[in-house]
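>>> Predicted model follows, preceded by the sequence.
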Amino acid sequence: MIGVSARAPFVSARSLYNVVAAQGRVCAGSALHNPLTSSHRSQGPLVFSSRFHASAVAAQSIKDPYQALGIDKNASQTDIKKAYRKLAKKYHPDINKEPDAEKKFHDLQNAYEILSDETKRKQYDQYGPAAFDPNFGASQGQGHPGFGGFGGGGQAGSPFGDFGGINFEDLFGAAFSGRNGGSAGGSPFGGAAGGRSSRMNMFREYKGDSIHVSCKLDFKDAVFGKKNVKLTFNTFDPCHTCHGSGMKLGAEKHTCSGCHGSGTKVHVRGGFQMMSTCDECQGEGSTVKAEDVCHTCHGDGVEFTRNKSINVDLPNGLQDGDAIRVSNQGSYPQMAVDPEMAKNIKMTRGDIIVTIRVDKDPKFSIQNKYDIWYVKEIPITTAALGGTVEIPTVDGTKIRLKVQGGTQQGDVISIPNMGVPRSSLLSQASRGSMKVQYKIVIRKPQSKAEQCLWEALADVTHDTSAKKTMNLSLNDLEDGNTSSFSTGENGTGSSGSAASNPDEPGALGRLETFISKAFKKIKGDKK
């Protein structure tokens, strides 16, 4: 993967790469190698032609940055960054060996440098490529107003003036860092007043890694939210000894003896100049003596903290699997910061991502995010005749509901404003609904009396398919009316007017007599 190494030993005031000048010729242009595009310890040399002259660079026009990145002029910063990273990986010289890869890569760097800075982007939109022409608006060695220019303080005959002030770290380095960075002075190229001064004024921001933790809640806390929930995790914190510098208190960094502070080494082999990252300071331009390294963090600037805890308030309406982001409470960036650059660097902690796990409740469940469901069992008699039932709520209270006669299996009753709160910012009344679903319970007769009643019900409702076991003889009826109501041997009922009209007074009387005789027979009463 192309990008900044996850851990850089130091953010140095030294430039990672300076323009290499040799025998009056400047090795600058499309072939500049940026160490931030690979590992910060990369040693791969890049070959520059010994005949490459600065005038060749000046003759090149700046390519339309929008065209270079393949985006339109209304693209957002997110779109710009995505397009740049995608194309930078494709055309990076260490990966793409095509002849024009270096040229395209250089165009991408220039395009991103312009469009990622809103000030430079506005200047380009207003003036076009001329905004970055050192001769555009120049007078007596002064650069273009609003940019600082290449020519400020430079010589009149040179299209670039003094190259000593061009900071290619500012120009290209931040592009691959994936972090916000820019010159505090507003100049797109840092000005020509001195590279170190420009680098000291550059502002950068680094953010640490996010931490993932899980939090288990019971059903009621998930519905109504919970305050002061304790989260425990492992993290990186600034070293308490060196306060993030990686050095002992009072110690200072020293100019690297291998590269003399440039961060690079230049080699001449076979008539070619080759430039590579300094292997002694890893491109920082400065080193820390072994005896000056902080013994607590070993130069990393951070220390590992176990079982750190914080308290957070969780909102209402949470469901199993939801993720809550706690901003700027995660790990501190794992890097040491040069004290000279500390005032121009913002270090921000990562986030804590809390994954919610909700215990299942034996009574309630949530559907459609805001509705609480409860299943209420009712006997068949209540379903048929109607009645009143008592329902528990997630609030801990109980309510009484009227059951309509003829209620069917699966019927649902909705109780408004008894569900999940919609938002902690709204009133308590702004809630979802509670849904009560009826489940009709039908059980097998537990006694002969129940059996008799069920059979009588089957007879009066003309249910000829029901099984009958209470076979009463006709002589068991005291009134001797053998034609009024009887039960045959096969269990089917035969009837006269009672069967044709169960609500007829005489029929009701005979049914009452039938049930009375049946109960006497069950009890063994001979009277």
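On my side now, so go ahead. Numbering: from 1, shown residues only.

>>> Could you pull out the strands in the stretch 201-350 of the chain for me?
Per DSSP state E, counting those that start in this stretch, the stretch 201-350 of the chain carries strands over the ranges 202-207, 211-217, 226-238, 254-255, 264-269, 272-277, 286-287, 302-314, 323-326, 336-337, 345-348.

>>> what's the angle between the fifth one and strand 272-277?
The reference is to strand 264-269. Angular relation of strand 264-269 and strand 272-277 on a 0 to 180 degree scale: 150 degrees, by axes from the mean of the first three to the mean of the last three C-alpha atoms, to 10 degrees.

>>> sorry, back to before: ranking the strands of the stretch 201-350 of the chain by burial, who's on top?
Comparing these by mean neighbour count (mean count of other C-beta atoms under 10 Å), strand 336-337 ranks first with a mean of 25. For every residue, glycine as well, the C-beta is placed using N, CA and C.

>>> that older thread, of the strands of the stretch 201-350 of the chain, give the one that comes closest to residue 442.
strand 211-217 (37.5 Å; C-beta to C-beta).

>>> List the neighbouring strands of the closest one plus their orientation.
Here strand 211-217 is paired, per DSSP bridges, with strand 352-358 (parallel).

>>> As JSON lines, the strands of the stretch 201-350 of the chain with distance to residue 83 and mean pLDDT would be great.
Shown next, in JSON lines, are the strands of the stretch 201-350 of the chain (distance: least, C-beta to C-beta, whole Å; pLDDT from 0 to 100):
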{"stretch": "strand 202-207", "distance to residue 83": "21", "mean pLDDT": "82"}
{"stretch": "strand 211-217", "distance to residue 83": "29", "mean pLDDT": "95"}
{"stretch": "strand 226-238", "distance to residue 83": "32", "mean pLDDT": "95"}
{"stretch": "strand 254-255", "distance to residue 83": "39", "mean pLDDT": "87"}
{"stretch": "strand 264-269", "distance to residue 83": "29", "mean pLDDT": "82"}
{"stretch": "strand 272-277", "distance to residue 83": "27", "mean pLDDT": "81"}
{"stretch": "strand 286-287", "distance to residue 83": "35", "mean pLDDT": "86"}
{"stretch": "strand 302-314", "distance to residue 83": "33", "mean pLDDT": "95"}
{"stretch": "strand 323-326", "distance to residue 83": "27", "mean pLDDT": "94"}
{"stretch": "strand 336-337", "distance to residue 83": "31", "mean pLDDT": "88"}
{"stretch": "strand 345-348", "distance to residue 83": "25", "mean pLDDT": "90"}
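
>>> List just the one of those that sits closest to residue 391.
Ranking these by proximity to residue 391 (C-beta to C-beta) places strand 211-217 first, at 23.8 Å.

>>> quick one, which of the strands of the stretch 201-350 of the chain is nearest to residue 91?
Among these, the nearest to residue 91 by C-beta to C-beta is strand 272-277 (19.7 Å).

>>> Poorly predicted segments of the stretch 301-450 of the chain, please.
423-429 (pLDDT under 70).

>>> can you give me the helices in it?
Taking DSSP state H, counting those that start in this stretch to define them, one finds helices in the stretch 301-450 of the chain at 380-385, 448-460.

>>> Deepest-packed of those, please.
Comparing the helices of the stretch 301-450 of the chain by mean neighbour count (mean count of other C-beta under 10 Å), helix 448-460 ranks first with a mean of 18.

>>> how about residue 422, what does it touch?
317, 370, 430, 431, 432 (C-beta atoms under 8 Å, 6 or more residues apart in numbering).

>>> what about 7 Å?
Neighbouring residues of residue 422 by C-beta atoms under 7 Å, 6 or more residues apart in numbering: 370, 430, 431, 432.

>>> For residue 222, find the nearest of the helices of the stretch 301-450 of the chain.
Residue 222 lies closest to helix 380-385 among the helices of the stretch 301-450 of the chain, at 32.5 Å (C-beta to C-beta).

>>> The residue nearest to residue 344 when sequence neighbours are not counted and residue 121: what is the separation?
Distance criterion C-beta to C-beta, 6 or more residues apart in numbering; nearest residue to residue 344, sequence neighbours excluded, is residue 203 at 5.0 Å. Counting by C-beta to C-beta, to the nearest Å, the gap from residue 203 to residue 121 is 17 Å.

>>> just residue 259 next, same as before
Distance from residue 259 to residue 121, by C-beta to C-beta: 34 Å.

>>> Those two - which one has more neighbours?
residue 259 (24 against 18; other C-beta atoms under 10 Å).

>>> one step back: as CSV, the helices of the stretch 301-450 of the chain with distance to residue 467 would be great.
Output for the helices of the stretch 301-450 of the chain, formatted as CSV (distance: least, C-beta to C-beta, whole Å):
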stretch, distance to residue 467
helix 380-385, 17
helix 448-460, 8
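
>>> Tell me which of those lies nearest to residue 240.
helix 380-385 (69.3 Å).

>>> residues near residue 76, how many?
Residue 76 has 9 neighbours, counted by other C-beta under 10 Å.

>>> pLDDT score assigned to it?
At residue 76, the model reports a pLDDT of 90.

>>> And it, its phi and psi?
For residue 76, the backbone dihedrals (degrees, to the nearest 10) come out as phi -80, psi 170.

>>> any idea how far residue 119 is from it?
For residue 76, the distance to residue 119 equals 17 Å [C-beta to C-beta].

>>> Please apply the same query to residue 351.
Residue 351 sits 29 Å away from residue 119, going by C-beta to C-beta.

>>> So if I had to pick from those two, which one is more boxed in?
Per other C-beta under 10 Å, whichever of residue 351 and residue 119 has more neighbours is residue 351, with 19 against 15.

>>> who's in contact with that one?
210, 325, 326, 327, 328, 329, 330.

>>> Pull out the buried members of those residues.
Neighbour-count burial (16 or more other C-beta atoms under 10 Å) is assigned, among these, to 210, 326, 329, 330.

>>> hey, what's the second one bridged with?
In this structure, residue 326 has the following beta-bridge partners (DSSP bridges): residue 352.

>>> just checking, it touches residue 352?
Yes: Residue 326 lies in contact with residue 352 (C-beta atoms under 7 Å); the separation is 4.1 Å.

>>> Sticking with residue 88, tell me its helix or strand.
helix 77-91 (DSSP states H and E).

>>> Packing partners of that helix?
Helices and strands touching helix 77-91, by 3 or more C-beta pairs under 7 Å, 6 or more residues apart in numbering; DSSP states H and E, are helix 65-69, helix 101-115.

>>> Next, the buried residues of it.
Buried residues in helix 77-91 (16+ other C-beta under 10 Å): 80, 81, 83, 84, 85, 87, 88, 91.

>>> Make JSON lines from those and add pLDDT and distance to residue 358 to it.
Below are these laid out as JSON lines (pLDDT from 0 to 100; distance: C-beta to C-beta, whole Å):
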{"residue": "80", "pLDDT": "92", "distance to residue 358": "41"}
{"residue": "81", "pLDDT": "89", "distance to residue 358": "37"}
{"residue": "83", "pLDDT": "91", "distance to residue 358": "41"}
{"residue": "84", "pLDDT": "90", "distance to residue 358": "42"}
{"residue": "85", "pLDDT": "86", "distance to residue 358": "38"}
{"residue": "87", "pLDDT": "91", "distance to residue 358": "44"}
{"residue": "88", "pLDDT": "86", "distance to residue 358": "43"}
{"residue": "91", "pLDDT": "86", "distance to residue 358": "49"}
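
>>> any idea which of those residues is closest to residue 419?
residue 81 (42.1 Å).

>>> pLDDT score for the closest residue to that closest one other than its chain neighbours?
Sequence neighbours aside, residue 116 is the residue nearest to residue 81 in space, at 7.2 Å (criterion: C-beta to C-beta, 6+ apart). Confidence at residue 116, expressed as pLDDT, is 90.

>>> does residue 116 really touch residue 79, like I thought?
No: judged on C-beta under 7 Å, residue 116 makes no contact with residue 79 at a distance of 11.3 Å.
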